[in-house]
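>>> predicted model and sequence below, questions to follow.
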Amino acid sequence: MPQHPSSVSRRTFLESSAAAIAALATTPLIADVNSSEPKKLGFALVGVGTLTMDQLLPALAKCKLARAVALVSGHPDKARQQAALYNIDPKNIYTYDNFDSIKDNPDIDVVYIVLPNSMHAEYTIRAAHAGKHVLCEKPMANTVEECQSMIDACVKADRKLMIGYRQRYEPLTIRAIELSHSQSDIGTIKQITAEAGFNTGDPTQWRLNKKLAGGGPLMDMGIYAVNAIRYLSSQEPSEVTAFSYTTPNDPRFKEVEETIAFELRFDSGLLASVLTSYGFGCNRFRLYGTHGQLESEPLQSYTNNRLWLTHNGPKQEITYTHVNHFAAEMDHLADCILNNKPVLTPGEEGLKDMKVITAAYESARLGKSVKII
């Protein structure tokens with residue numbers, strides 16, 4: 001657990017962390033009747049791209065409550081290669097054409113959607129119709145309407161829907177939220193600045209295709225900043241004023257923005273700033289309160305994120321024990337299914353971020369402030 005100089009007690013931290021994230025708790029009560037080990041739910045990964053191969057499959061191998069049992073891919077050779085590496089039965093390799101037949105596979109409990117953004121809604125709805133729980137990568141979808149349709153489909157099917165905000169399941173972010181809500185350490189939050197971006201490369205990648213991605217860095221990286229502002233403040237913004245810029249004749253940005261920045265206004269008086277780009281790297285947040293400050297850099301990397309608290313003295317770094325973000329995330333969903341508990345980042349969380357993002361794009365297009373509905 002993190003060690004820190006704050007006045008928030010260890011007991012308070014442990015109690016709030018346990019309530020916030022079951023993935024970091026002890027072994028759940030439900031176990032396989034034929035084994036003393038906890039029951040592991042079967043995950044089908046839809047999309048065998050870089051994230052699946054480099055992060056998700058290795059993370060599933062570390063999970064306590066989840067395991068990889070199926071792959072869905074348009075590239076059978078690649079899927080067979082990954083299946084062999086992770087001991088996935090070849091009969092559980094699906095294509096997009098026969099995806100709906102997963103309804104007949106009792107090994108599959110959860111479908112993890114790891115596809116371009118424009119395909120999230122379709123495959124979430126199809127997975128729900130097949131009777132499977134869904135974990136969908138962020139951003140939830142390309143439009144507010146698609147987000148709502150995903151929520152509705154999972155409610156109708158009585159299946160859980162969770163959005164892959166991996167940082168909400170790791171100790172440093174949990175600690176940052178705990179501190180940001182501490183009156184003694186931070187006081188009243190007055191301003192938050194959050195930045196997330198990188199200098200992208202290949203102009204032909206799907207993230208630069210507006211139809212597939214829904215937009216540029218705001219959909220991919222800026223959502224980390226938007227979500228951070230929302231979870232640190234526990235407030236929802238009411239108005240946004242945005243500006244975007246794209247370098248003329250840059251072949252990467254024929255369809256999507258290069259950089260977008262915006263101010264968020266909250267009814268409480270809190271002001272927040274978001275910056276995101278595909279033209280340069282940025283990865284941090286800074287939070288200013290009446291009694292203290294928090295800052296994190298890096299903010300959303302897979303490893304080595306850092307957090308500092310400034311309160312009544314010099315800046316102090318918060319130490320913590322790293323966990324695999326994706327393993328914690330998937331174990332959390334499995335635990336919630338096994339023990340019939342609500343998930344920490346449901347579809348409604350993705351919908352709220354998409355409302356902010358949609359309003360920011362509209363503000364940049366119109367050149368004026370826009371209310372967030």
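Okay, I see it.
>>> what ranges does the stretch 1-150 of the chain have for its strands?
41-46, 66-72, 93-94, 110-113, 133-137 (DSSP state E, counting those that start in this stretch).
>>> wait, which of those strands is closest to residue 284?
Closest to residue 284 of the strands of the stretch 1-150 of the chain, according to Cβ to Cβ: strand 133-137, at 22.6 Å. (Glycine included, C-beta is placed from N, CA and C.)
>>> re earlier: would JSON lines of the strands of the stretch 1-150 of the chain with mean neighbour count and distance to residue 367 be doable?
Converted to JSON lines, the strands of the stretch 1-150 of the chain look like this (neighbours: other Cβ atoms under 10 Å; distance: least, Cβ to Cβ, whole Å):
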{"stretch": "strand 41-46", "mean neighbour count": "25", "distance to residue 367": "39"}
{"stretch": "strand 66-72", "mean neighbour count": "25", "distance to residue 367": "42"}
{"stretch": "strand 93-94", "mean neighbour count": "20", "distance to residue 367": "46"}
{"stretch": "strand 110-113", "mean neighbour count": "26", "distance to residue 367": "35"}
{"stretch": "strand 133-137", "mean neighbour count": "26", "distance to residue 367": "32"}
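>>> check contacts around residue 254.
For residue 254, the contact set (Cβ atoms under 8 Å, 6 or more residues apart in numbering) comprises 203, 208.
>>> can you put the strands of the stretch 1-150 of the chain in a markdown table and add distance to residue 247 and mean pLDDT?
A markdown table is the format used below for those (distance: least, Cβ to Cβ, whole Å; pLDDT from 0 to 100):
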| stretch | distance to residue 247 | mean pLDDT |
| --- | --- | --- |
| strand 41-46 | 35 | 98 |
| strand 66-72 | 37 | 98 |
| strand 93-94 | 41 | 98 |
| strand 110-113 | 32 | 99 |
| strand 133-137 | 28 | 99 |
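>>> present these as TSV; the columns should include distance to residue 282.
Below are the strands of the stretch 1-150 of the chain laid out as TSV (distance: least, Cβ to Cβ, whole Å):
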stretch	distance to residue 282
strand 41-46	30
strand 66-72	32
strand 93-94	38
strand 110-113	27
strand 133-137	21
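>>> let me know the pLDDT of residue 18.
Residue 18 carries a pLDDT score of 40 in this model.
>>> swap in residue 3?
38.
>>> ok, back up a step: so which of the strands of the stretch 1-150 of the chain comes closest to residue 314?
Per Cβ to Cβ, nearest to residue 314 of the strands of the stretch 1-150 of the chain: strand 133-137, 39.3 Å.
>>> could you check the angle strand 133-137 makes with the longest helix along the chain?
Counting residues, the longest helix found in the chain (DSSP state H) is helix 347-366. Using axes from the mean of the first three to the mean of the last three Cα atoms, to 10 degrees, the direction of helix 347-366 lies 30 degrees away from that of strand 133-137.
>>> other SSEs contacting helix 347-366?
Contacts defined by 3 or more Cβ pairs under 8 Å, 6 or more residues apart in numbering; DSSP states H and E place helix 347-366 against helix 144-157, strand 161-164, helix 223-233, strand 239-245, strand 259-265, strand 370-371.
>>> with just CA atoms, put the third one into CSV.
It stands for helix 223-233. Taking C-alpha atoms only, helix 223-233 is exported to CSV below (Å, rounded to 0.1, in the frame of the first residue of the first chain):
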residue,chain,number,x,y,z
ILE,A,223,-10.1,11.1,-22.6
TYR,A,224,-7.5,10.3,-19.9
ALA,A,225,-7.3,13.9,-19.0
VAL,A,226,-11.1,14.4,-19.0
ASN,A,227,-11.6,11.3,-16.9
ALA,A,228,-8.9,12.4,-14.4
ILE,A,229,-10.5,15.8,-13.9
ARG,A,230,-13.9,14.1,-13.3
TYR,A,231,-12.6,11.4,-10.8
LEU,A,232,-10.3,13.8,-8.9
SER,A,233,-13.0,16.4,-8.5
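>>> how far off strand 259-265 does the longest helix of the chain point, in degrees?
Using the same axes, to 10 degrees: helix 347-366 against strand 259-265 is 110 degrees.
>>> all the helices of the stretch 201-350 of the chain, in order from the start?
Taking DSSP state H, counting those that start in this stretch as the test, the helices found in the stretch 201-350 of the chain are 210-213, 217, 223-233, 325-338, 347-366.
>>> any regions of the protein where pLDDT drops low?
1-36 (pLDDT under 70).
>>> try 50
For the chain, the stretches flagged by pLDDT under 50 are 1-33.
>>> so what's the residue most central in space within it up against?
By Cα atoms, centre = their mean, the mean C-alpha position of the chain lies nearest to residue 165, the distance being 1.7 Å. Shown in contact with residue 165 (Cβ under 8 Å, 6+ apart): 138, 227, 329, 345, 349.
>>> ok, back up a step: of the helices of the stretch 201-350 of the chain, which stretch is the most buried?
helix 217 (a mean of 29; mean count of other Cβ atoms under 10 Å).
>>> tell me how far residue 310 lies from residue 291.
10 Å (Cβ to Cβ, to the nearest Å).
>>> the more surrounded of these two?
Under the neighbour definition other Cβ atoms under 10 Å, residue 310 and residue 291 were set side by side, and residue 310 has more, 17 against 14.
>>> for that one, which non-adjacent residue is closest in space?
The shortest distance from residue 310 to any non-neighbouring residue, by Cβ to Cβ, 6 or more residues apart in numbering, is to residue 293 (4.4 Å).
>>> same question, residue 255
Per Cβ to Cβ, 6+ apart, closest to residue 255 is residue 210, 4.1 Å.
>>> before we move on, back to that, ok, of the contacts of residue 165, which one's closest to residue 191?
So of these, ranked by how close each gets to residue 191 (Cβ to Cβ), first place is residue 227, at 17.4 Å.
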